[in-house]
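> Quick check, what structure comes out for this input:
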Amino acid sequence: MAQVIKYIGRKTDFRGKPLWEILGNLKNHGVGRIVVRSMFERYPEPSFMKILKVEAVPNSEDRKVRVTIERTFRGVTQPKPVVIYSTTYKADYRLIPKDEEAEYCKSAVQQKEMILPNEIEFPPLLREFVREETGNENPMMKVHFKKNINKLARLAEPGEKPNIEISMGLGKPVSPKLYENCL
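Below you'll find the predicted structure:
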């Protein structure tokens with residue numbers, strides 16, 4: 001009779017080992033080595049971490065470790081070292097072998113910068129309200145964009161043409177018959 005195994009609990013997308021387990025088995029606790037988080041391997045650009053410093057955490061029952069890293073996310077290396085602590089217990093890390101480090105870290109796909117427009121249309125219903133209030137036939141909404149080191153997008157400078165077009169509309173409906181007598 002075959003033994004049946006039934007798993008109970010939440011299924012996880014993590015693949016790999018916890019960071020503390022990888023670094024604990026390496027010479028000099030892995031300083032200078034390249035580690036990859038499997039969750040970030042879904043992007044075409046390389047995302048990896050170079051270990052700069054490892055600190056043990058006293059009384060850590062949840063097996064966390066404080067690690068200072070040089071982070072490269074989607075081919076862009078952050079200018080300052082980053083300290084990670086809260087995610088180091090997750091079984092989602094993989095060590096890159098030394099002979100494959102140079103090939104893995106090479107940025108094969110370079111992502112182009114997206115230039116966003118400074119103003120976009122209002123959504124259709126809000127546009128009607130603003131038209132009634134202001135009398136302006138074509139009201140535009142100013143875009144506020146929060147700059148982040150991981151984002152490869154920015155607002156257009158004065159006189160610069162954006163390479164991304166953003167339009168507000170209904171799009172192509174699944175059933176055009178439903179929208180026959182609207183607006």
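> For residue 42, what are phi and psi?
Main-chain dihedrals, residue 42, degrees, to the nearest 10: phi -80, psi -10.
> And for residue 101?
In terms of degrees, to the nearest 10, the main-chain angles of residue 101 are phi -60, psi -50.
> Helices of the chain, start to end?
Taking DSSP state H to define them, one finds helices in the chain at 19-24, 101-105, 124-134.
> any idea which of those is most buried?
Among those, helix 19-24 has the highest mean neighbour count (mean count of other C-beta atoms under 10 Å), at a mean of 20. For every residue, glycine as well, the C-beta is placed using N, CA and C.
> Residues in contact with that helix: which ones?
With C-beta atoms under 8 Å, 6 or more residues apart in numbering as the test, helix 19-24 has contacts from 29-30, 35, 51, 54, 63-65, 67, 84, 88-90, 93-95.
> From those residues, pick the one nearest residue 158.
Nearest to residue 158 among the contacts of helix 19-24, counting by C-beta to C-beta, is residue 84 at 39.1 Å.
> distance of the closest one from residue 92?
Residue 84 sits 12 Å away from residue 92, going by C-beta to C-beta, to the nearest Å.
> Comparing those two, which shows the higher neighbour count?
Just comparing residue 84 and residue 92: by other C-beta atoms under 10 Å the higher neighbour count belongs to residue 92, 21 against 16.
> Thought residue 41 was touching that one, still the case?
No - shown here, residue 92 and residue 41 do not form a contact pair, counting by C-beta atoms under 8 Å, at 10.0 Å.
> Break the protein into its domains for me.
Using automatic domain parsing, the domain parsing of the chain gives 19-105, 114-170.
> hmm, back to that, now distance to residue 75 and mean pLDDT too, for the helices of the chain, in TSV please.
Formatted as TSV, the helices of the chain follow (distance: least, C-beta to C-beta, whole Å; pLDDT from 0 to 100):
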stretch	distance to residue 75	mean pLDDT
helix 19-24	22	87
helix 101-105	10	83
helix 124-134	37	89
